[in-house]
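Asks: Return a 3D structure for these sequence lines:
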Amino acid sequence: MTTTPSLPLPLQEGGDDAALFREAIGVVTPLAEQNRISPPKTVTQARVRLPDPDHQIADTLSDYHHDNSPEEYLSNGLSRLTLRKLRRSAVQDSLDLHGHTIDAARMLLQQFLFNATQHQLRCVLVIHGKGMNSPDGYAVLRALARNWLTQHPQVLAFCAAPPESGGGGAVLILLKIRP
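Replies: Next up, the predicted model:
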């Protein structure tokens, strides 16, 4: 003798579904108020990476530069629209390289970019000057700073700063944010 599995009964036309449900589950006793647990509210805090105090930043930027340093830079795969947005971005931190030697300026720039990426800053400003006080009128730090920025792995783009932030004597930099 074969038995067929029991199938749920189809709802009857005009039947009361709520009454059928109550009949199926039987008597229900609600929980007391003190036994209820409300889900905890999660507070999300921003992750800030604190650099290791013993961390040494490798000096990987080359001082070799071409006679014409780029006025703006855009890494591969980014749209020109990125530069337009960068020009309108709010500066989150800045560094002034005036009066520093080439070696000191390179190390300061690397430390500044490292700290900015550790604090997940997106748009920073570096003031390198226009070279008006240099002996030959040639802006050495301007050319070198822009050359260093094209070499740095965390720099996505840079362009000349607006006139109120330094104009041709400064650059706005768009940085990668580490996950």
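Asks: Count the residues that sit near the closest residue in space to residue 175 that isn't next to it in sequence.
Replies: Computed as CB to CB, 6 or more residues apart in numbering, the closest residue to residue 175 that is not its neighbour in sequence is residue 154, at 5.2 Å. To be clear about C-beta, it is placed using only N, CA and C from the backbone, and glycine gets the same treatment. The number of residues packed around residue 154, counting by other CB atoms under 10 Å, is 15.
Asks: so what does the longest helix along the chain touch, helix or strand wise?
Replies: The helix that spans the most residues within the chain, counting by DSSP state H, is helix 102-118. Helices and strands touching helix 102-118, as assessed by 3 or more CB pairs under 8 Å, 6 or more residues apart in numbering; DSSP states H and E, comprise strand 93-96, strand 123-127, helix 140-151, strand 170-175.
Asks: contacting residues around the last one?
Replies: By that I understand strand 170-175. 82, 86-87, 89, 91, 113, 116-117, 121-128, 145-146, 149, 154-161, 165 (CB atoms under 8 Å, 6 or more residues apart in numbering).
Asks: Please apply the same query to the first one.
Replies: By CB under 8 Å, 6+ apart, the residues outside strand 93-96 that reach it are 108, 109, 112, 116, 119, 121, 124, 125, 126, 127.
Asks: Got a quick PyMOL command for the buried subset of those?
Replies: Here is the PyMOL command that picks out the buried ones among the contacts of strand 93-96, judged by 16 or more other CB atoms under 10 Å:
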select buried, resi 109+112+116+121+124+125+126+127
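Asks: Show me which of the contacts of strand 93-96 is closest to residue 28.
Replies: residue 119 (54.6 Å; CB to CB).
Asks: Pop out the phi and psi values for the closest one.
Replies: phi -90, psi 10 (degrees, to the nearest 10).
Asks: Which stretch among the helices and strands packed on helix 102-118 is buried most, on average?
Replies: strand 170-175 (a mean of 25; mean count of other CB atoms under 10 Å).
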